[in-house]
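S.K.: Have a look; sequence and predicted model below, questions after that.
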Amino acid sequence: MSFNQEFDEHGAWRKQFALRLKLLSEWLTDHDLLEAGVRERLDQLHAQVKNDKITVAFVAEFSRGKSELINAVFFAGYGRRIMPASAGRTTMCPTELGYDAEVPPCLRLLPIETRLQPQSLMDWRNAPDKWERLNLDVNDPQQLARAIQKVAEVRRVSPAEAASLGFWDDETPDDNPPLGSDGLIEVPKWRHALINMAHPLLKQGLVILDTPGLNAIGAEPELTVSLLPQAHAVVFILAADTGVTKSDLTIWRQHLATLGQGQEARLVVLNKIDTMWDALSSPEQVQLQIAAQRTDSADILGLSPLQVLAVSAQKGLLAKVNRDDKLLQASNLMELETALGQGLLGQRRKILGAAVANGMQALRQETGRLVHTRARDLVEQIQELEGLRGKNAGTIKQMRLRIEQEQADFDASGAKIQAVRSVHLRLLKDLFAMLSTTHLKEAVTGLARALKQPGIKLGVRRAYAQTFERLGADLAHADRLAGEIQSMLEGSFKNLNAEYGFSLQPPTPPKLAQYGKDLDLIEKSHLQYLSLGNALRLAQPEFAERLARALMSRLRVVYETAVNDVELWNKSAAAQLDAQLRERRRNFGRRIEAVSRIQQAAGGLDERIRELQSQQAQLHLMDAKLAELTDQLLAVQPEEPAPRTEAVVA
């Protein structure tokens with residue numbers, strides 16, 4: 001099955017899940033079960049599935065056919081090239097293709113001059129007026145292709161200006177772009193491009209990141225420390241006839257080898273195998289040459305040969321446009337699409353499926369506790385009323401007085417319950433302070449100072465190590481604090497359950513230690529800039545400033561995610577207590593009402609017992625329906641694709 005088909009199935013599952021989640025929400029509302037904690041779980045599940053994005057990054061040195069590969073895999077349905085793909089340098093700036101329903105179809109371009117200013121790419125994203133914008137007509141392939149051609153635009157600047165923009169360094173002449181006869185250098189006109197269009201795959205949550213060559217990648221730290229590490233899959237393109245060149249190996253070692261994705265989420269593509277289709281060589285000889293190139297490339301990059309695929313993007317695109325099945329098979333493009341579908345989507349489905357299963361289990365537990373509380377109250381009421389059979393009016397009056405006294409005692413115990421809340425909130429305040437942006441800024445102050453010092457930054461590696469050591473220690477401290485809060489909740493809930501007959505259960509605490517892995521990945525992605533080879537680049541104040549901002553931006557995302565986990569945990573515990581307090585107060589009201597009706601009518605006792613028994617039956621049906629609805633949500637999870645096996649290279 002092709003990547004497009006796999007992605008269609010993934011999108012269909014997300015829509016079906018969202019629909020069933022909506023039906024569950026409406027049912028919970030109708031049956032007065034949509035308490036604050038349950039609503040929070042539902043909202044989180046809905047956002048998790050609705051906003052799930054799958055980012056595929058395409059990385060290559062210039063002239064490897066990267067843009068043509070994107071055209072062949074994703075845009076062949078237009079019947080022509082959409083991304084610029086001609087001889088020479090095409091994509092000159094990092095380009096993101098995605099879909100946002102709140103933004104009309106457009107191409108937004110950030111001028112390269114913004115590199116001279118300290119703001120990060122994330123900051124510029126929040127300043128739409130600083131981008132040049134072109135509207136796109138997604139129904140007109142020619143207009144679409146003409147507009148997107150702008151990502152290939154360049155400027156010719158002096159070496160001094162090129163140096164200030166990060167494209168020229170007198171100390172490393174071999175890495176510099178060629179100097180023209182006019183003494184000027186060609187640099188990208190744009191720093192970053194965002195394409196928003198309602199392509200079917202993009203509408204379903206796919207994001208494509210098209211990156212330029214080594215020179216541009218290294219000059220944009222946010223690309224390598226933020227965008228690439230957060231991609232769910234990376235496709236690294238080489239030329240089939242040359243294999244791994246020196247510049248290819250530099251990109252791989254410096255920017256890709258240490259990324260956090262699993263092995264199955266990194267694919268290497270030997271493109272342009274059609275250049276090896278030699279009329280003087282037999283098909284078997286060509287196949288052996290390609291197989292040898294795959295094996296050699298895998299050895300050099302430290303990958304399994306299964307992670308190295310050989311294709312012809314140009315022939316694949318041509319075959320799709322002309323519906324030439326024989327040429328499509330020869331291009332091997334479908335093998336790449338299958339690998340993307342099974343590796344990328346398989347991994348993503350596993351992660352999303354596990355998150356959904358955990359969320360549904362928590363949702364089922366919270367609503368189940370509420371149903372259990374109501375069922376227990378009904379049993380107590382029935383037993384209470386059964387005990388009144390044959391009793392006189394005086395006994396019934398005494399029962400009412402006793403219930404009213406219980407209600408008064410319960411209301412008076414509010415101070416004890418409030419004390420539990422106060423201790424919980426005080427500890428939470430400390431935890432939130434540990435994960436706050438203010439605390440994060442304090443932790444990276446020393447590193448920021450080391451990066452901003454003029455000239456060669458001799459102590460910056462030590463500052464990096466100390467900063468991440470402190471961040472790791474802070475995170476471990478926050479995890480221990482969360483454990484203390486959980487222990488306090490367990491003890492408090494146990495006491496409240498014993499004293500008031502509640503059925504409180506502390507929600508699963510956030511696993512803050514897991515974010516230590518994110519910190520490790522961020523640290524690794526930055527270490528490439530601390531080598532001797534990058535010492536001169538790091539000495540540039542503008543570059544060091546961009547690097548510091550990129551680091552802070554990435555760390556802020558990690559900390560904000562951790563804070564969201566803590567907030568959900570806190571709301572779940574508080575909502576559970578609120579729900580059981582509310583149910584207990586309602587129960588007192590129902591008990592007093594039942595006794596009042598019995599006092600007023602001779603036959604009221606049997607009638608009220610029958611009403612309660614009817615409510616019991618309805619509650620059993622409600623519990624069964626809740627189990628059915630939640631089981632249906634878990635049942636619609638997509639199946640993982642079958643494992644990919646080695647295919648014959650045509």
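M.R.: Perfect, thanks for sending it.

S.K.: What's the local residue count around the nearest residue to residue 83 once chain neighbours are set aside?
M.R.: Using C-beta to C-beta, 6 or more residues apart in numbering and skipping the chain neighbours, the partner closest in space to residue 83 is residue 67 (4.1 Å). Heads up, the C-betas are built off the backbone N, CA and C, glycines and all. Residue 67 has 25 neighbouring residues, counting by other C-beta atoms under 10 Å.

S.K.: Report the separation between residue 67 and residue 232.
M.R.: Distance from residue 67 to residue 232, counting by C-beta to C-beta, to the nearest Å: 20 Å.

S.K.: do residue 430 as well
M.R.: Applying C-beta to C-beta, the value for residue 430 to residue 232 is 35 Å.

S.K.: before we move on, what about residue 461?
M.R.: Residue 461 is 30 Å from residue 232, by C-beta to C-beta.

S.K.: Contacts only, for residue 150.
M.R.: Taking C-beta atoms under 8 Å, 6 or more residues apart in numbering, we find residue 150 in contact with 107, 109, 134, 190, 193.

S.K.: switch to 7 Å and redo it
M.R.: 107, 109, 134 (C-beta atoms under 7 Å, 6 or more residues apart in numbering).

S.K.: Report pLDDT for it.
M.R.: pLDDT, residue 150: 91.

S.K.: helix, strand or coil for it?
M.R.: helix (DSSP: H, G, I helix; E, B strand; the rest coil).

S.K.: Also the one 10 residues further on?
M.R.: The local conformation at residue 160, judged by three-state DSSP, is helix.

S.K.: and it, how many neighbours?
M.R.: 10.

S.K.: repeat for residue 304
M.R.: Counted with other C-beta under 10 Å, residue 304 comes out at 10.

S.K.: Kindly report the same for residue 34.
M.R.: Neighbour number of residue 34 under other C-beta under 10 Å is 18.

S.K.: quick one, phi/psi of it?
M.R.: phi -90, psi 70 (degrees, to the nearest 10).

S.K.: Touching, it and residue 24? I think so.
M.R.: No - using C-beta atoms under 7 Å, residue 34 is not in contact with residue 24; the gap is 9.7 Å.

S.K.: hmm, back to that, residue 461 and residue 232: which is more packed in?
M.R.: Remark: of residue 461 and residue 232, residue 232 carries more neighbours, 20 against 14, as counted by other C-beta under 10 Å.

S.K.: Quick check: that one vs residue 294, distance?
M.R.: 24 Å.

S.K.: again with residue 173
M.R.: Taken as C-beta to C-beta, the span from residue 173 to residue 294 is 34 Å.

S.K.: So which of the two has more stuff around it?
M.R.: Legend: neighbour count by other C-beta under 10 Å for residue 173 and residue 294, higher for residue 294 (22 against 9).

S.K.: The nearest residue to the more buried one once chain neighbours are set aside: what's it in contact with?
M.R.: Nearest non-adjacent residue to residue 294, counting by C-beta to C-beta, 6+ apart: residue 308, 4.6 Å away. The contact partners of residue 308, by C-beta under 7 Å, 6+ apart, come to 268, 270, 294, 297-298.

S.K.: ok, those vs residue 580, which is closest?
M.R.: Of all the contacts of residue 308, residue 580 sits closest to residue 268, with 56.1 Å by C-beta to C-beta.

S.K.: Which other helices and strands does the strand or helix carrying the residue nearest to residue 83 contact?
M.R.: Residue 67 is part of helix 66-74, with elements assigned from DSSP states H and E. With contacts taken as 3 or more C-beta pairs under 7 Å, 6 or more residues apart in numbering; DSSP states H and E, helix 66-74 sits against strand 54-60, strand 206-210, helix 313-322.
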